[in-house]
Each structure stands twice: as structure tokens, then as C-alpha cells.
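J.: Provided below are the primary sequence and the corresponding predicted coordinates.
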There are 2 protein chains.
Amino acid sequence: MRVGERHWRPIWAEADGRSVGIIDQTLLPHRFETTRLATLAEAAHAIRSMQVRGAPLIGATAAYGVALAMAEGAGDGDLDRALAVLGGTRPTAVNLRWALDRMAARLRPLPAGRRVAAAWEEAAALVEEDVALNAAIGRHGLARIREIAAARGGAPVRILTHCNAGWLATCDWGTALAPIFMAHDAGIAVHVWVDETRPRNQGAALTAWELLQHGVPHAVVADNAGGHLMQRGQVDLCIVGADRVTAAGDVANKIGTYLKALAARDTGVPFLVAVPSPTIDWTIADGLAAIPIEERSPLEVTRVQGRDADGRIVSVQVVPDGSPAANPAFDVTPARLVDGLVTERGICAATAAALAALFPGRR
Amino acid sequence: MRVGERHWRPIWAEADGRSVGIIDQTLLPHRFETTRLATLAEAAHAIRSMQVRGAPLIGATAAYGVALAMAEGAGDGDLDRALAVLGGTRPTAVNLRWALDRMAARLRPLPAGRRVAAAWEEAAALVEEDVALNAAIGRHGLARIREIAAARGGAPVRILTHCNAGWLATCDWGTALAPIFMAHDAGIAVHVWVDETRPRNQGAALTAWELLQHGVPHAVVADNAGGHLMQRGQVDLCIVGADRVTAAGDVANKIGTYLKALAARDTGVPFLVAVPSPTIDWTIADGLAAIPIEERSPLEVTRVQGRDADGRIVSVQVVPDGSPAANPAFDVTPARLVDGLVTERGICAATAAALAALFPGRR
């Protein structure tokens, strides 16, 4: 998507054929910098340190990470090690496992000598497919926004989103933001309430930045504000992304999503989850029981990163010395609170039957 | 309550008989500093800038502000002006109006020459009464915590609170935190989940600091985390304060309270609101329709204050240049989501009938 006058994706194969470029998302929105990943270790570090994040982009980075690993050694042991290292970076997003399974299925039957080229090819294919999935999600979501816009008689459609499920979280377009970008491009007036998304502020830092680059009207709000806005009739639609959706429609997404889904239900605001099929974990049904929730460093809670008066990116401590913190990174929104899953094949109810009907044979 | 080895209150009449001391809460938890208010303008500024905050403490500061004003001029016009200036500082907490009404009722019948002394006397009485109200709330809440502790067989009672309703928000003890301090002092094991409470971080900055000073086990969490903790059975009780409670039991409190009440209801966790009677607005019933919600500066959302690596208190920007923000400071939790109001006269249901029964003649 657009950054200034240029089109960017958050990940790309470099022209040298031996490395991968990424936008370093830990520096946004204050500095736009790219960095180059040339080794398995660097790819794993990029995922773990959240230079790249978002379920689809984690999957794509892991796929390229396998390609980088194969260049370091392409034997079966090397492949197993790469899969283990990358698979251990982050626990919640199922796209990671999905991408690694796909790379393994493609590479394992091949002789070692053909694995490097095949890995690059497969990773690139996975990226292009992700872009296509997100574009399809965008079109289905756009149709829903268009309906709401018609009902509002031209007044802006006010959409609340949590965390960042934009193009920076995917290979392009985004999941939850794809319909919003498309609506804006189609001339539909939209206004986006951007949840700050503590502790890492992906809303304030990334979603706001994406919307600003694309010229989409928005306002950042504290995570606490969404319920109030819904109560006051200031939200027409909630749409969020997902890190893992079960076969029964339970949704693991950034911590705090559950609270917004509760408010949406209490106030009658439709709550949609944008979910490309690689984010669906067909092996589980009960999200609360079966989805591992990453517990991240308490430093993400006790400190906040931002830009100081001198333009430097710094961390400031917001708790007293000696106060501990806890930092669960995701929560599970039960399917009963989800009004629709926006997939690449259309919008369906968050139920096992509806998902199975849309994706026959995938159970 | 305790700060180091000394007992402090957040407001006091200075020995000079002409000024009021406060703890400057905008510097906590990083620096403990007191400041002196000697004029009406300084008292109004202290409330508006949130050097003092919390509904009961706003009321007490306004009462002393009237006393300071009377020293500058004690005619009827002076009194009216003081009431108008102080009454216009913040709109949501009803204690402000309550305190000013009380000061006016005491002072207006008096000749100007007796108003200064009477104002100091009345403000001091109001402070002492607030301390007594909070102590009574603490005892009633303690009884509830004791019941939960018994049911948990000695395991810590895990209590979630939002914002700061501790002694810094009142004249001493606090409202929501009073039962927690008393439980800890009584040897009951408690563990407090402290909501950070963006945008101004009163949880991370003030509640955590109070608990740390008093030795109460706690952990700070992002505002987003509470629903997850409740879903996972890690919360035994939610208790919060209030800025205004209607005669029907609707609760205006710090933005985000409504989201926690929804999660508590969805997960079966009891949700209590600690409310001294001066926080009850007997003139209104429908909180959503009738309670004015303060909209504060977007800078509170776009920037976060904390302590940098050099120990300085600085603000860092967390949004991109050019992204707007919205900052509603309170929300309304409908009475139907409140399991009990902890008042100085005991715990009652959040209904008009129960409140009227507890406070006969106050409708």
C-alpha cells in the first residue's frame, strides 16, 4: 500500500536473491526504515522482536526464513532445525504453523540440491496468495460497508478496529483494514476509531500510520473508550483481524478484542472478524481451551515507547519501581459474540457448520 | 495512608492558616512532591490540571478553594464567583457540586466578616467526614472480601480495579481500595490486578504506587487484559470507584469501567462499585442520558508521560504526526451490570429502591 508516493509491501525478496527486505515495524510511526534478513537467525529474531508481526506476515516471514535457512544448509536435519526454530518464535498465530507445514510439504520430498530454489519459489507464491486472499476479504467487507453507508445516507460509516490488521500485518491490503481501504478508494465516507492497543500500541503506531498514509479519516482512542463510543451510537461497525480462529469460530486476537466484542453485543453494533483461511485452525474447536496465549515481557506494560521532544525514539517507565506487571498478548472472543467471519470466500456465521460449508473438506 | 514511614493525606490545611497543601499527583509515581495552594485560582488550577483528582478529593479541594477565595474577598459576589470558577473546573464528578452546595449553604447566611473562618471550618469538617465515610466503606467491603477469602481456603483473593479509587482519590483510605487495604491489614491474602487506565495511567501511576507503599501484592496490566483474566478464572472480584452514581444506580466512572463490567457479567465475576453518598446524584436516574461526560485534551491520548532513562519525567508521542485523537474521560456503566454498591451504610443493589431504602429521605 501507499507510503508517500510509493507502493510498499511489508516484506519482499531482495534483488540479490539471497536476502529478504522488511519494514522494521518497531520504529513506526516515528521512523520508516527497512532492514535486510539474510539468515535463519535474523528471520527468527525479526518475528520474535516484532519487527514483523500480524498473523499473515508472521507466516510469510517464516516461509522466507525457511528459504534463508536452506541457503545455510539444505539437508533434512537443516530443514527440521529451521522448522523448529521458526515454529518456536511465537505461539498464538496459527499462520506460522500453517506456513511452515506448507514449506515442509514442498521441500521434504526434494533432494537437498533443489531445496533452496524451491523454498524461494514457495515463499513467493505464499506471499502472492496472501495478497489475493486479503483483496478478496476486502471486496466482501466492502459490500458490507456499502450497505451500512446506504443506510446512513451518505454520513460517514464509523468503524472501530483494534490492534493492526492492516497491510503491515499481512503481505498487502491487510485483513480488517482491506475493506476500509477499498471503501475509501470507492468514495464511501468512512471514519475509523483506532484503538491504541496497549501495551505495544499497534493501533496508535501502525493502524493510524497506515490510515494517515492512505488519507483515511480516523481518530486514535484509548482502548478504554470503545464501549463508550458504542453506547453513544458513534460506531456503526467493529472489524478486527485474528491470530487464530477455531473450526467452531472462536477468535484469538490481540488482547482486548473480547472486551470490544462484549460492548458490540451489548449495544447492537455488528462485530466482524476478517480471517483468511490460513488463520483458521481446523484441528481445534474450543478456543478458550485449546489456543495457547502468549505471555510477553512485563517490560511492554511497564514502559511505553514513543518519540521524545528531541525526536528520539525512547521508552519511558509508567509504573513505580518495584511494581510487577503481567502481559498476556491475546484473548479469545467466543464465537457467540462474533456476528460474522469475513473470509476470502465470503462472510459466514461464526459457527462450525457455516465454516465447514464455506470450506468443504477442510475439517 | 502510608508513604514510607509517614502517614499522609492528599490534602491538608497548612499551619499558616492561609493555604492548603496537596500532593502533586501529576508527578507520581516518579516524584513525591507537595505543593501549596494559596488562592482560588490555584485551587481551580489544581483541580483542572489534575494535580488533585478523584471525585471525593475534587470535592474537598473545591471546599478549601472556597475558603481560599473568601480570604481574597468574602462578599456575596465573591462567593458566587468562587462557586462558579470552581464549579466549572470539571463536569463529571458530582462531589464537586455537592461540596460547593454545602459550602454555599454554610456561608451564604453569614455576614462577610465571618465567612473566612467558617469556610475553613466547613472544609475541614467535610474532609473528616469523607475519611469516615471511606473507612465505613472499607469495613463493608472487607466483610465481602472476607467471605470470598473463606471460600478460597486461604488462597489470595484476586481483585481487579480500574483507575485510582485509593486514598489519593479521597481524603484518606480511598473508596474501592479501602476494603483492600483493610483486608491486607487484617492478614487476608489479596492480589490486585491494576488496570493501567489509559490515557492518564492513574492505575499504573497511582494505584500501583499506593499498593506498593502499603505492601499489597499486585500486578499492573494493560486495560485490555481484564476480560482475559476474568475468562481464565483469575479474578474473584472487581471493585471500582465512581465519579457519579444516579439515584437508579447507573455509574459514571473512568473510561473503560463499562468494558470491565461487561466482562464481569459475562464471566460471573462480582462487580462492585464503592460509592460514598456524596457521589450519588439524587436528581437524576438515567446515567447515559443525564451525566455529562468530560472530553479532555487529545494530547493525553497522543502522548504518554513517564520517566526516561535519565530519570526525567517526560512525555513521548505515540501516534504519527497528523493523527487526531478523541478523549472521552468517563463512561457510564448501566445499573444492570453492577452487582452491588458499597456505601458507608452497607452494600446494596444498584437499584432505585435499594438506594432509597438505604438513604431514606434523600431522593
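T.: Thanks, I have the structure now. From a predicted model like this one, the values you see are computed outputs, not experimental measurements.
J.: A:Ala354 should be in a strand, yeah?
T.: No. Counting by DSSP: H, G, I helix; E, B strand; the rest coil, A:Ala354 falls outside a strand, being helix.
J.: Now do it: how many residues are near it, please.
T.: 17 (other CB atoms under 10 Å in any protein chain shown). Every C-beta, even on glycine, is put in place using the N, C-alpha and C of the backbone.
J.: My guess is it contacts A:Gly346. True?
T.: No. When contacts are counted by CB atoms under 8 Å, A:Ala354 is not listed as touching A:Gly346 (10.0 Å).
J.: Around the closest residue in space to A:Leu40 that isn't next to it in sequence, count how many other residues there are.
T.: Nearest residue to A:Leu40, sequence neighbours excluded (CB to CB, 6 or more residues apart in numbering or on different chains): A:Ala69, at 3.9 Å. The local packing of A:Ala69 (other CB under 10 Å) involves 26 other residues.
J.: got a pLDDT number for A:Ala69?
T.: Looking at A:Ala69, its pLDDT stands at 98.
J.: And it, how close does it get to A:Leu86?
T.: Note on A:Ala69: its distance to A:Leu86, by CB to CB, to the nearest Å, is 8 Å.
J.: Identify the contacts common to those two.
T.: Jointly contacting A:Ala69 and A:Leu86 under the rule CB atoms under 8 Å, 6 or more residues apart in numbering or on different chains are A:Leu40, A:Ala43.
J.: Get me the contact residues on the stretch 1-150 of chain A for chain B.
T.: Neighbours of chain B within the stretch 1-150 of chain A, by CB under 8 Å from any CB of the partner chain: A:Leu28, A:Pro29, A:His30.
J.: Find the nearest non-adjacent residue to the residue positioned nearest the centre of chain A, please.
T.: Geometric centre of chain A, nearest residue: A:Gly54, 3.0 Å, by CA atoms, centre = their mean. Leaving aside its sequence neighbours, A:Gly54 sits nearest to A:Ala169 (CB to CB, 6+ apart; 2.4 Å).
J.: hang on, that neighbour packs against A:Gly59?
T.: No. If you go by CB under 8 Å, A:Ala169 and A:Gly59 don't touch, sitting 10.8 Å apart.
J.: what distance separates the longest helix anywhere in chain A from the middle of the whole chain?
T.: The residue-count maximum for a helix in chain A (DSSP state H) belongs to helix A:112-151. Relative to the centre of its chain, helix A:112-151 is centred 13 Å away, using CA atoms, centre = their mean, to the nearest Å.
J.: what do you get for stretch A:26-38?
T.: Chain-centre distance of stretch A:26-38: 17 Å, with CA atoms, centre = their mean.
J.: mind checking the end-to-end distance for it?
T.: Start-to-end span of stretch A:26-38 (CA to CA, to the nearest Å) is 19 Å.
J.: try stretch A:231-244
T.: 28 Å.
J.: returning to that earlier point: OK, contacts around the residue nearest to the centre of chain A?
T.: Counting by CB under 8 Å, 6+ apart, A:Gly54 makes contact with A:Asn164, A:Ala165, A:Leu168, A:Ala169, A:Thr170, A:Gly241.
J.: Then A:Val94?
T.: So A:Val94 contacts A:Ala55, A:Asp243, A:Arg244, A:Pro278, A:Thr279, A:Ile280, A:Asp281 (CB under 8 Å, 6+ apart).
J.: And A:Ala176, by the same measure?
T.: By CB under 8 Å, 6+ apart, A:Ala176 lies in contact with A:Gly141, A:Thr161, A:Ala165, A:Gly166, A:Ile239, A:Val240, A:Gly241, A:Leu272, A:Val273, A:Ala274.
J.: Now do the SS call for A:Val220.
T.: Following three-state DSSP, A:Val220 is assigned to strand.
J.: got it, and A:Arg90?
T.: What three-state DSSP gives for A:Arg90 is coil.
J.: so what's A:Arg115 closest to, chain neighbours aside?
T.: A:Ala74 (4.1 Å).
J.: any idea which element that neighbour lies in?
T.: Using DSSP states H and E, no element contains A:Ala74; it sits outside every helix and strand.
J.: Run through the stretch 251-363 of chain A and note the low-pLDDT ranges.
T.: A:363 (pLDDT under 70).
J.: Around chain B, which positions in it sit nearby?
T.: For the stretch 251-363 of chain A, the residues in contact with chain B (CB under 8 Å from any CB) are A:254-256, A:258-260, A:262-263, A:266, A:288, A:293, A:301-309, A:314-320, A:322-328, A:330-332.
J.: Any chance of a PyMOL selection covering the buried ones in those?
T.: Typed into PyMOL, the line below selects the buried ones among those, using 16 or more other CB atoms under 10 Å in any protein chain shown:
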select buried, chain A and resi 254+255+256+258+259+260+262+263+266+288+293+301+302+303+304+305+306+307+308+314+315+316+317+318+319+320+323+325+326+327+328+330+331+332
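J.: domain ranges for chain A?
T.: Partitioning chain A according to automatic domain parsing yields domains covering residues A:2-129, A:138-358.
J.: low pLDDT regions in the stretch 1-150 of chain A?
T.: In the stretch 1-150 of chain A (pLDDT under 70), no residue qualifies.
J.: Look through it and state the residue closest to chain B.
T.: A:Pro29 (3.6 Å; CB to the nearest CB).
J.: Verify the stated contact: that residue with A:Glu210.
T.: No. Using CB under 8 Å, A:Pro29 is not in contact with A:Glu210, being 9.2 Å away.
J.: Quick one: residues contacting the residue of the stretch 101-250 of chain A found nearest chain B.
T.: Nearest residue of the stretch 101-250 of chain A to chain B (CB to the nearest CB) works out as A:Asn224 at 2.7 Å. A:Asn224 sits next to B:Thr197, B:Arg198, B:Pro199, B:Asp223, B:Lys254, B:Ile255, B:Gly256, B:Leu259, B:Asp331 when contact means CB under 8 Å, 6+ apart.
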